[in-house]
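A.B. asks: Let me see the structure of the following:
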Amino acid sequence: MEAVPAVLRTGVIPLALQERLTEERGAPLDFGWPRPLAARARRATRTRDSVGDAGFVILDAQHEDSADLDRFAVARAEGEDEVSDAAVNRVYDGIVATRKFLSEVFHRQYVGAEGEQLTVVVHYAEKYNNGFWNGEAVFLGDGDGAVFTSFGQGLEMAAYHLLAGLPELESLTYFGQSGALNTSLRETFGLLVKQYALGQTAEEADWLVGAGLLAPGIKGVALRSFKAPGTAYDDPVLGKDPQPHTMDGYVVTGRDNGGIHMNSGIPNRAFYLAARGFGGHAWERAGRIWWEVLTSGQLGVEPEFADLARLTSRAARARYGDGQRGAVIDRAWSRVGLPPAESPRRTPSA
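C.D. replies: Predicted structure coming up:
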């Protein structure tokens, strides 16, 4: 399997969709991806000289397509007042909401690796239709205004990108089912960040990733839907949302890193069904079980969907017993074609 550049592995827009946009619109999308510039040791101290001991810093690329962070001015750092740039303030709010959620709900005091300063770059490149983590920082484009708007808006989008640096997620192989689980877990906790900030229950939440990301005129409501994978958009330019909602629709492909952004719809729906099955706030029961499994080390580096199904089922029964509440997870996974008690590891074949 050919090595995939880090930025391709973590972009929120699938490469196949970017290719489609290039074909349909003749848009000058840049595929000359920045490469990781440094190891963790350098990343941890990159901007401390200019912003002291701030836990995070937001840089302004001013539409440059460089990955050299030293070229960018500091737009706002932790603890500083609002600025006139709305994109900077939205990202700042997203970082604060993500850190607050992890701290108050899961008692995790850091987003990336412990002790590291978070760096987010806004206004990356010209009309850039994506956001990504390159191993050193999060880069967010402003969108072209015709298909996508700013990739810095939406609490769930900010959290999705920030969580790419979470050590437990960085360790997952970003291809096939393990890559789809990485995508799904980041989107899951991203939505929980939004729901926690808004005080929403599982019944009240919209369960949309990237609501507001599609530009006016594009036929769709979001980038992805947990409640109904495959229905987020249906547009002449974007095409139809390709996500399956059960294993019967599993997409076998070498594109999109083995279909990571497509097949993530299956575990996404399983989480939605579990959260609705428990009722109340999704972070209190389903979210806690998913987090417990993620941080337990039991997933390994190349888990399949059946592994997450089995481990979350086991965690639910350990917490709630074998009664109705303990069986909520089993019912959720069964509805997407992965009953935990009888799901061997398997990768569908063509």
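A.B. asks: ok, which stretches of the stretch 151-300 of the chain are helices?
C.D. replies: Counting by DSSP state H, counting those that start in this stretch, the segments of the stretch 151-300 of the chain that form helices are 155-162, 167-170, 176-198, 256-263, 265-278, 286-294.
A.B. asks: Averaged pLDDT, the second one. What do you get?
C.D. replies: In this case it means helix 167-170. Mean pLDDT, taken over the full extent of helix 167-170, equals 92.
A.B. asks: quick one: the strands in the stretch 1-150 of the chain?
C.D. replies: Using DSSP state E, counting those that start in this stretch, the strands found in the stretch 1-150 of the chain span residues 56-60, 73-77, 118-122, 131-133, 138-140.
A.B. asks: lowest-confidence stretch among these?
C.D. replies: Taking the mean pLDDT of the strands of the stretch 1-150 of the chain, strand 131-133 comes last: a mean of 92.
A.B. asks: Which elements pack onto that one?
C.D. replies: Applying 3 or more CB pairs under 8 Å, 6 or more residues apart in numbering; DSSP states H and E, we find strand 131-133 packed against helix 6-10, strand 138-140, helix 155-162. The way it works is simple: take the backbone N, C-alpha and C, and place the C-beta from them, glycine included.
A.B. asks: just to revisit the earlier point, which one of the helices of the stretch 151-300 of the chain lies closest to Phe148?
C.D. replies: Checking the helices of the stretch 151-300 of the chain against Phe148 by CB to CB gives helix 155-162 as the closest, at 11.0 Å.
A.B. asks: The closest one to strand 56-60, inter-axis angle?
C.D. replies: 100 degrees (axes from the mean of the first three to the mean of the last three CA atoms, to 10 degrees).
A.B. asks: Contacts for helix 155-162 next, please.
C.D. replies: 10, 12, 90-91, 93-95, 97-98, 101, 111-112, 118, 120, 131-133, 138, 140, 151-152, 186-187, 189-191, 193-194, 197, 209-210, 213 (CB atoms under 8 Å, 6 or more residues apart in numbering).
A.B. asks: Gln177 against Phe305, yeah?
C.D. replies: Yes - contact criterion CB atoms under 8 Å: Gln177 and Phe305 qualify, at 5.5 Å.
A.B. asks: Of the strands of the stretch 1-150 of the chain, which stretch is the most buried?
C.D. replies: strand 138-140 (a mean of 29; mean count of other CB atoms under 10 Å).
A.B. asks: Work out the sheet partners of that strand and label each with its direction, please.
C.D. replies: strand 118-122 (parallel), strand 131-133 (antiparallel) (DSSP bridges).
A.B. asks: Make CSV out of the ones you listed and add distance to Gly337.
C.D. replies: CSV is the format used below for the strands paired with strand 138-140 (distance: least, CB to CB, whole Å):
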stretch, distance to Gly337
strand 118-122, 37
strand 131-133, 31
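A.B. asks: now for the ones you listed, which one comes closest to Val293?
C.D. replies: It's strand 131-133; of the strands paired with strand 138-140, that one is closest to Val293 (CB to CB) at 22.1 Å.
A.B. asks: Off-centre distance for the closest one?
C.D. replies: Relative to the centre of its chain, strand 131-133 is centred 10 Å away, using CA atoms, centre = their mean, to the nearest Å.
A.B. asks: Grab the nearest non-local neighbour of Phe148.
C.D. replies: Asn129 (5.0 Å; CB to CB, 6 or more residues apart in numbering).
A.B. asks: now the one you found: how far from His161?
C.D. replies: Remark: distance between Asn129 and His161 (CB to CB, to the nearest Å) = 14 Å.
A.B. asks: same check, this time on Phe189
C.D. replies: Using CB to CB, Phe189 is found at 12 Å from His161.
A.B. asks: just Tyr92 next, same as before
C.D. replies: Counting by CB to CB, the gap from Tyr92 to His161 is 14 Å.
A.B. asks: what's the answer for Arg186, then?
C.D. replies: Arg186 is 8 Å from His161, by CB to CB.
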